[in-house]
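1. fold the following.
(chains A and B)
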2 protein chains.
Amino acid sequence: MLQSQARLDRVLVRVQDLTAEKAGQLLWVRARIHTSRAKGKQCFLVLRQQQFNVQALVAVGDRASKQMVKFAANITKESIVDVEGVVRKVEQKIESCTQQDVELHIERIFVVSQAEPRLPLQLEDAVRPEGEGDEEGRATVNQDTRLDNRVIDLRTTTSQAIFRLQSGVCQLFRDTLTSKGFVEIQTPKIISAASEGGANVFTVSYFKTSAYLAQSPQLYKQMCICADFDKVFCVGPVFRAEDSNTHRHLTEFVGLDIEMTFNYHYHEVVESIADTMVQIFKGLRDRYEWVQMQFFFTEPGFQCLCPTLRLEYWEAVAMLRQAGVEMGDEDDLSTPNEKLLGRLVKEKYDTDFYVLDKYPLAVRPFYTMPDPSNPKYSNSYDMFMRGEEILSGAQRVHDAELLTERALHHNIDLEKIKAYIDSFRFGAPPHAGGGIGLERVTMLYLGLHNVRQTSMFPRDPKRLTP
Amino acid sequence: MLQSQARLDRVLVRVQDLTAEKAGQLLWVRARIHTSRAKGKQCFLVLRQQQFNVQALVAVGDRASKQMVKFAANITKESIVDVEGVVRKVEQKIESCTQQDVELHIERIFVVSQAEPRLPLQLEDAVRPEGEGDEEGRATVNQDTRLDNRVIDLRTTTSQAIFRLQSGVCQLFRDTLTSKGFVEIQTPKIISAASEGGANVFTVSYFKTSAYLAQSPQLYKQMCICADFDKVFCVGPVFRAEDSNTHRHLTEFVGLDIEMTFNYHYHEVVESIADTMVQIFKGLRDRYEWVQMQFFFTEPGFQCLCPTLRLEYWEAVAMLRQAGVEMGDEDDLSTPNEKLLGRLVKEKYDTDFYVLDKYPLAVRPFYTMPDPSNPKYSNSYDMFMRGEEILSGAQRVHDAELLTERALHHNIDLEKIKAYIDSFRFGAPPHAGGGIGLERVTMLYLGLHNVRQTSMFPRDPKRLTP
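-> Predicted structure coming up:
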């Protein structure tokens, strides 16, 4: 066991750097045994390091004994090994490996960490989308088995791709906003009152009293606006005690939140958020080409327009009615209608991303600013990717009196949101914002079908482990 | 009330941009009334925007009536106003404002959001450190009043400075690690078992069962290492149900966590983390000069050495004993001894940042790798700023058998950490890491004395609001 006994001054070369330019060099590599196949006096290995792999060979001869070949052949799959070998160019490209031009001729091999022989699932099966393998008679792994053995499942090229891209979504979100002058804030997750309505909230035992888990940073990011931080964002967990077992609901997910003051019209904020999303899409497209190669086989990838398409709610209702849907002017969009609308928009405008503006006031939270000319509507908007909602936002009421009136209208206990309402009593600038679900953005950008694929350790009403 | 009635095409100039170069220009500014003083036919205002402020003047004359001066004089402090005025150079620098070379001669003034006349605290009192005002007969505001009215307190230059710098700590942490090849991960906060020992954990009602709030992302970030993410970091809330009412304990704080594989020796990781901290200190020094001007009056600021000083535990014990402290070789450091050691190190080496390596195994968590040559010690370390611990870390046990043995030795229920221990059964690379408390880093970098100053909405056993 490697216990930091000594600090070797040996260089380990990364698998992705094993290219034809290194031909002839003797070097050390640390990697996993991806596959292993003994054949007479030879043993062929595929060595894997994250999303990269290379073919390697141990053959009886000058530098390797029969014992060594046998030893190599017996190392269990997924074990981590240190190998010393010579890089050799190959005549025919090795199509099954990422390093197609070379193979490694092993002269020494040590086991760094041995895997148990029975793996709970096979990586090559896990990488196949559910359903696809069946037709060709090949095994797939069902989602629960994959999630139960998530550490193995996360090693697949698919998972490596998903979560490296997701890391990029967060980075692009923050970098874009930072360059626009935003300040990052940290808001508390343990709160004293179920402030955003009361339902769907988890209760926490807090010393001798009870507390709750925040359903969003909404009230706190607005308080930061009242505290002169002007433009703020935060990235952090949000909690929903909703007993929904769907492809797109989690009880804990990562919220990317934005709140900013504006000068005269909340469309200043809509444009800023939409531009942030477009910067994220562009950044992903440019930086994660290899990830997209894993997912976008037949499709042209994720399409968006510049400037972003903005439709008003009444227009959406008209489009849906034309497609045969019966709904009232002030009805909320059902999930099937959301998806249908996405298809209609895609057909008409050829975009996978758009903003739906001017929602009916009745279907929005109490802190939403009513429309100035038609009190049935509001200064609020959702944003959609591939026909599914990824952001919900609005201009917020910044006047304590109107906010009190709206909270009472929604039957909210004023005592529980006193600190929040009081924040608007000492001068509050007009402001708007929105909250984005990280896992949904990753899922929809890549065209995946279940949000559990884009949460490393997903939480739903039935899953709390690993 | 500004309800987005129309999208004016008026430019608002920022207070920080009101400089001598703009002299003679008629322009619009939106800002708060910081102070207001009527004097005959004139009214002097100080207009504030975040940490910037400028003097403004309304005087009876061609462009302003007597009524307008009276109107301006009656606007409550902290109200937000839109003013149109001409920038005029002043002969004598205005020492009390950040914009010292100009004042604004107001021609039009509108109230955007009116503050209630009685403020719960005065900003000029809140900015004075507690205790300091008393001597000079000036008011200060006690910490509870400030925290009870946090939205007002956060508007002070002190708070604006603290939280803008804190935003920089997060940014520098992530940017440094991203450039070193780290991937950002998101770990669950709701967990099924009190996995890290059992005490000090908050319980959550989870549908028909119970769950817990994660005390750190420790087990999950290690599972990501076993899942081939190689080098990972995360930034997120951590929860400690500890009934400690000290200057440096919170029940919820922000953890900056790192975990990475290494080749041969955990010192590779120690060096990488120490370098990350140094990059943060350098970045703060270069980017936040104005913040440091608020805090470093007499002192030279935060000092660190390059390379970072690394002491071993036995050396620290020897230094403390020489200073008269009685302690055993394997005793843990008490808080007073930590601080004393910090002073001794500062005297001897002139650094505010150092690493203490090779802690006794007995005082560290079960997943800590024992020292290979002396089983009483371990491959673990803490990092200190101004004599207070900000990071705790170690090489972790990456062998399932040894990990089981260590967990049993610590009386940990194996059933509760089954998924964690199983992660090491299918090949696990040697790895090490550490966790940093964000609020402590900000507090100690700026030389503050209470961690509640560096948490926007602090949570402790007695405080859950706002």
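
2. ok, then the element right after the lowest-mean-pLDDT helix or strand in chain A?
-> One helix or strand of chain A scores below all others by mean pLDDT, DSSP states H and E: helix A:132-135, with a mean of 57. Per DSSP states H and E, helix A:132-135 leads on to helix A:143-148 as the next helix or strand towards the C-terminus.

3. okay, buried residues for that following helix please.
-> Buried residues in helix A:143-148, defined by neighbour count with 16 or more other C-beta atoms under 10 Å in any protein chain shown: A:146-148. From N, CA and C alone the C-beta is placed, and that goes for glycine too.

4. repeat for stretch A:76-96
-> A:76-88, A:94.

5. now the helices for chain A?
-> A:66-73, A:123-126, A:132-135, A:143-148, A:150-153, A:157-179, A:218-226, A:267-287, A:289-295, A:313-322, A:335-349, A:400-409, A:418-422, A:438-446 (DSSP state H).

6. out of those, flag the one nearest residue B:302.
-> helix A:157-179 (23.1 Å; C-beta to C-beta).

7. packing partners for the closest one?
-> strand A:231-239, strand A:252-261, helix A:267-287, helix A:289-295, helix A:438-446, helix B:157-179, strand B:183-184 (3 or more C-beta pairs under 8 Å, 6 or more residues apart in numbering or on different chains; DSSP states H and E).

8. these: lowest mean pLDDT?
-> Comparing mean pLDDT over the helices and strands packed on helix A:157-179, the weakest stretch is helix A:289-295, at a mean of 83.

9. just the CA atoms of it, as CSV, please.
-> C-alpha atoms of helix A:289-295 as CSV (Å, rounded to 0.1, in the frame of the first residue of the first chain):
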residue,chain,number,x,y,z
GLU,A,289,-16.1,19.3,-28.3
TRP,A,290,-15.0,15.8,-27.1
VAL,A,291,-18.0,15.6,-24.8
GLN,A,292,-20.5,16.6,-27.5
MET,A,293,-19.0,13.9,-29.7
GLN,A,294,-20.3,11.4,-27.2
PHE,A,295,-23.8,12.6,-27.4
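
10. show residues contacting that helix.
-> A:51, A:157-158, A:161-162, A:164-165, A:284-285, A:301, A:446-448 (C-beta atoms under 8 Å, 6 or more residues apart in numbering or on different chains).

11. repeat that for stretch A:414-422.
-> Contacts of stretch A:414-422 (C-beta under 8 Å, 6+ apart): A:193-195, A:219, A:222-223, A:400, A:403-404, A:407-408, B:151, B:465-466.

12. what distance separates that stretch from the centre of its chain?
-> Stretch A:414-422 sits 34 Å away from the centroid of its parent chain (C-alpha atoms, centre = their mean, to the nearest Å).

13. endpoints of it, how far apart?
-> 11 Å (C-alpha to C-alpha, to the nearest Å).

14. only the buried residues of it, if you could.
-> Quick answer for stretch A:414-422 (16+ other C-beta under 10 Å): A:416-417, A:419-422.

15. likewise stretch A:38-55?
-> Buried-residue list, stretch A:38-55, by 16+ other C-beta under 10 Å: A:42-55.

16. extract the CA atoms of it and return them as CSV.
-> The C-alpha trace of stretch A:38-55 is given here as CSV (Å, rounded to 0.1, in the frame of the first residue of the first chain):
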residue,chain,number,x,y,z
ALA,A,38,-4.1,-13.3,-22.5
LYS,A,39,-3.2,-15.2,-25.8
GLY,A,40,-0.3,-17.7,-25.6
LYS,A,41,2.9,-15.9,-24.7
GLN,A,42,1.3,-12.5,-24.9
CYS,A,43,-1.1,-10.5,-22.8
PHE,A,44,-3.0,-7.6,-24.3
LEU,A,45,-4.2,-4.9,-22.0
VAL,A,46,-6.2,-1.7,-22.5
LEU,A,47,-5.0,0.9,-20.0
ARG,A,48,-7.5,3.6,-19.1
GLN,A,49,-7.2,7.0,-17.5
GLN,A,50,-10.4,8.9,-17.2
GLN,A,51,-11.8,9.3,-20.8
PHE,A,52,-8.5,8.2,-22.5
ASN,A,53,-7.2,4.7,-23.2
VAL,A,54,-4.3,3.0,-24.9
GLN,A,55,-3.4,-0.5,-25.9
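
17. and it, how far from the chain's centre?
-> That offset, for stretch A:38-55, works out to 32 Å (C-alpha atoms, centre = their mean).

18. likewise for stretch A:441-452?
-> 8 Å.

19. contacts for that stretch next, please.
-> A:143, A:147, A:162, A:165-166, A:169, A:247-250, A:253, A:256, A:280-281, A:284, A:291-292, A:295-296, A:299, A:302, A:352, A:385-386, A:388, A:390, A:439-440, A:453-454, A:458, A:460.

20. which residues touch residue A:100?
-> Counted by C-beta under 8 Å, 6+ apart, residue A:100 has contacts A:90, A:93-94.

21. okay if I get those residues as a markdown table plus distance to residue B:381?
-> Shown next, in a markdown table, are these (distance: C-beta to C-beta, whole Å):
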| residue | distance to residue B:381 |
| --- | --- |
| A:90 | 45 |
| A:93 | 47 |
| A:94 | 43 |
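
22. got the confidence number for residue A:20?
-> Residue A:20 is assigned 97 on the pLDDT scale.

23. what's the burial count for it?
-> Residue A:20: 13 surrounding residues under other C-beta atoms under 10 Å in any protein chain shown.

24. also the one 5 residues further on?
-> Residues within reach of residue A:25, counting by other C-beta under 10 Å, total 12.

25. which residues touch it?
-> Listed by C-beta under 8 Å, 6+ apart, the contact set of residue A:25 reads A:86-87.

26. now do residue A:188
-> A:214, A:220, B:237, B:252, B:456-457, B:459.

27. for residue B:113, state which of the residues you listed is nearest.
-> residue A:220 (19.5 Å).

28. over to the closest residue to that closest one other than its chain neighbours: give its phi and psi.
-> In space, and not counting its chain neighbours, residue A:220 is closest to residue A:187: 3.7 Å by C-beta to C-beta, 6 or more residues apart in numbering or on different chains. When read as degrees, to the nearest 10, the backbone of residue A:187 gives phi -110, psi 150.

29. sounds good, over and out.
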